[in-house]
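Trainee: A structural model of the following input is requested.
(one chain, ligands or ions: 2)
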Amino acid sequence: MMAPSRLAPFRRLCHWGPIAVLGIIKLITWAMVHLIGMWWPPHTSILAAIHASLYLSLAAATLYYFLQSLLEGPGYVPMGWKPAREEDTQYLQFCSVCNGYKAPRSHHCRKCGYCVKKMDHHCPWINCCVGHENHGYFTLFLFSAVLGCLHASIVLSICMYHAINRVWYVHNGTGREPMIYLTLTTLLLTLLAIGMAIGVVLAVGVLLYLQIRGILRNQTTIEDWIIEKAAGRREELGLPPFVFPYNIGWKANFKMALFSSQTDGLTWPVREGCGEYDLTREQQAQKLDKRLRSRLYTATHPYNGRWVPLVAHPRAACGAPCSDEPRLPLQPGDVLRATRQRRHWLFGEKQVVGSTRGSRGWFPRACAVPTDDLCKTKPD
Ligand SMILES: [Zn+2]
Ligand SMILES: [Zn+2]
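Mentor: Ligands and ions are numbered 1, 2, ... in the order given. I've put the predicted structure just below:
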């Protein structure tokens, strides 16, 4: 397996996500320049210049931080990485794809194809993960996009109001009302731009809130799930509550997320009383727990891997899991270890003789029958 090439960051641009982001920025910027020019002709009003320069600065910041987070990338764990002390490998999981240990806080991203340092999530809009090295840029991208779109949605809505009333102004106005002319095409494009801008404010606004909350706690989206699972698991076993080791105070957390050079992304400062491998040990315990709760199944019917198997499994097709995780084609006789279940679907791993890891994915529950009793399976 090769390390990411130097050209890889530029190739990330050739994907529907980044192309859509660039298209949205272009559309809203066009609408703003076109309408501000008519509302306040720049040579007559200082207000026009202020609004135009405010919007253009926010659009430029959005574009800059977007490209930075895409080109910089999340930072990957080096191939074949292992901790400095050999004995620490017992606390870490091994990634068979990257042929190395997973550093604390790193996770293997199936789409990027590498173990990502401090992985938060894989973002289709930047066509790579948000992780250690681009977390700050990504947050600033969200921040400038929300502010720019908020400004654009207000200005464009006021412009639309004047455009709709233009005929009325001609006959009944004072002559000082702004005259905004829109053709059918420019009207439709402006409506689309307003819709996009409001959509960004709402959807990206929520994401921005979650990112800022995570940054202040130094806790990624994936770590939110681990902590949630830890709470349930430890309560069930009567263990003391899990203390998240990387929350070292909001100011230090904030600095660490915004300036990735503060750490190498492989080792992390921990709060007092916590150990360097507290989180990875909890992850190992959760993995073992998941394995103990898993069930063995044997496929009885073939499944071709379709996301919506309408003809073969109409019930499963109606309740397909809302997840972009892979689907797992089956042949009768395949043995599977299922770790998650939905009403009509199971998520499992194909058991391949002589291999530690088979392919994983969702398959319709009706294609397989359980072949052991719950909790009877022993971990390797
Ligand atoms: Zn990996
Ligand atoms: Zn990724």
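Trainee: hey, where'd the strands end up in the stretch 201-350 of the chain?
Mentor: Secondary structure of the stretch 201-350 of the chain by DSSP state E, counting those that start in this stretch: the strands cover 295-299, 335-341, 345-350.
Trainee: any idea which of those is most buried?
Mentor: Counting by mean count of other CB atoms under 10 Å, strand 345-350 has the highest mean neighbour count of the strands of the stretch 201-350 of the chain, with a mean of 22. No exception for glycine: its C-beta is placed from N, CA and C like everyone else's.
Trainee: just checking, what packs against the helix or strand just after that one?
Mentor: The C-terminal neighbour of strand 345-350 among helices and strands, as given by DSSP states H and E, is strand 360-364. Strand 360-364 is packed against strand 345-350, with contacts defined by 3 or more CB pairs under 8 Å, 6 or more residues apart in numbering; DSSP states H and E.
Trainee: quick one: the strand it packs on to chain centroid distance?
Mentor: 23 Å (CA atoms, centre = their mean, to the nearest Å).
Trainee: pLDDT of it, averaged?
Mentor: Strand 345-350 shows an average pLDDT of 90 in the prediction.
Trainee: can I get the strands of the stretch 201-350 of the chain in a markdown table including distance to ligand 2?
Mentor: A markdown table is the format used below for these (distance: least, CB to the ion, whole Å):
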| stretch | distance to ligand 2 |
| --- | --- |
| strand 295-299 | 29 |
| strand 335-341 | 21 |
| strand 345-350 | 20 |
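Trainee: out of the ones you listed, nearest to residue 170?
Mentor: strand 345-350 (61.5 Å; CB to CB).
Trainee: how many neighbours does whichever residue of the stretch 151-300 of the chain sits closest to ligand 1 have?
Mentor: Residue nearest to ligand 1 within the stretch 151-300 of the chain: residue 266 (13.5 Å; CB to the ion). Other residues lying near residue 266 total 18 when counted by other CB atoms under 10 Å.
Trainee: show me what contacts it?
Mentor: With contact set as CB atoms under 8 Å, 6 or more residues apart in numbering, residue 266 has these partners: 77, 81, 103-104, 106, 117.
Trainee: which pair of the residues you listed spans the longest distance?
Mentor: It's 81 and 104 that sit farthest apart of the contacts of residue 266, by CB to CB, at 11.4 Å.
Trainee: look at the two and report which has more neighbours.
Mentor: Each of residue 81 and residue 104 has its neighbours counted (other CB under 10 Å); residue 104 has more, 25 against 18.
Trainee: wait, isn't that one in contact with residue 270?
Mentor: No. The criterion here is CB atoms under 8 Å, and residue 104 misses it with residue 270 at 9.3 Å.
Trainee: spit out the residues that contact the two alike.
Mentor: By CB under 8 Å, 6+ apart, the residues touching both residue 104 and residue 270 are residue 276.
Trainee: that older thread, the strands of the stretch 201-350 of the chain: which one's closest to residue 10?
Mentor: The minimum distance between residue 10 and the strands of the stretch 201-350 of the chain falls on strand 345-350, with 34.9 Å, by CB to CB.
Trainee: mean confidence for stretch 103-122?
Mentor: 95.
Trainee: which residues touch it?
Mentor: 4, 74-77, 81, 83, 92, 95, 97-98, 100, 102, 128-133, 135, 211, 214, 220-223, 246, 265-268, 276-277, 279-280, 326.
Trainee: buried sites along it?
Mentor: The neighbour-count check on stretch 103-122 (16 or more other CB atoms under 10 Å) flags 103-109, 112, 114-122 as buried.
Trainee: same check, this time on stretch 86-100
Mentor: Quick answer for stretch 86-100 (16+ other CB under 10 Å): 91-92, 95, 98, 100.
Trainee: mind checking the end-to-end distance for it?
Mentor: Distance between the two ends of stretch 86-100: 13 Å, counting by CA to CA, to the nearest Å.
Trainee: ranges for the helices of the stretch 151-300 of the chain?
Mentor: In the stretch 151-300 of the chain, the helices defined using DSSP state H, counting those that start in this stretch lie at 166-172, 184-217, 221-237, 250-258, 278-293.
Trainee: near ligand 1, which residues of the protein are found?
Mentor: 95, 97-98, 108, 115 (CB under 5 Å from the ion).
Trainee: among those residues, which are in strands?
Mentor: The strands, defined by DSSP state E, take in 95, 108, 115 from those.
Trainee: which of the residues you listed sits closest to ligand 2?
Mentor: Closest to ligand 2, out of all of those and judged by CB to the ion, is residue 108, at 9.1 Å.
Trainee: roughly how far apart are that closest one and residue 18?
Mentor: 23 Å (CB to CB, to the nearest Å).
Trainee: try residue 223
Mentor: From residue 223 to residue 18 the distance is 27 Å (CB to CB).
Trainee: give me the more crowded residue out of these two.
Mentor: Between residue 223 and residue 18, residue 223 has the larger neighbour count (other CB under 10 Å), namely 23 against 19.
Trainee: the buried residues of stretch 86-100: which two are farthest apart?
Mentor: 91 and 98, at 17.6 Å, using CB to CB across these.
Trainee: of the helices of the stretch 151-300 of the chain, which is nearest residue 152?
Mentor: helix 184-217 (4.4 Å).
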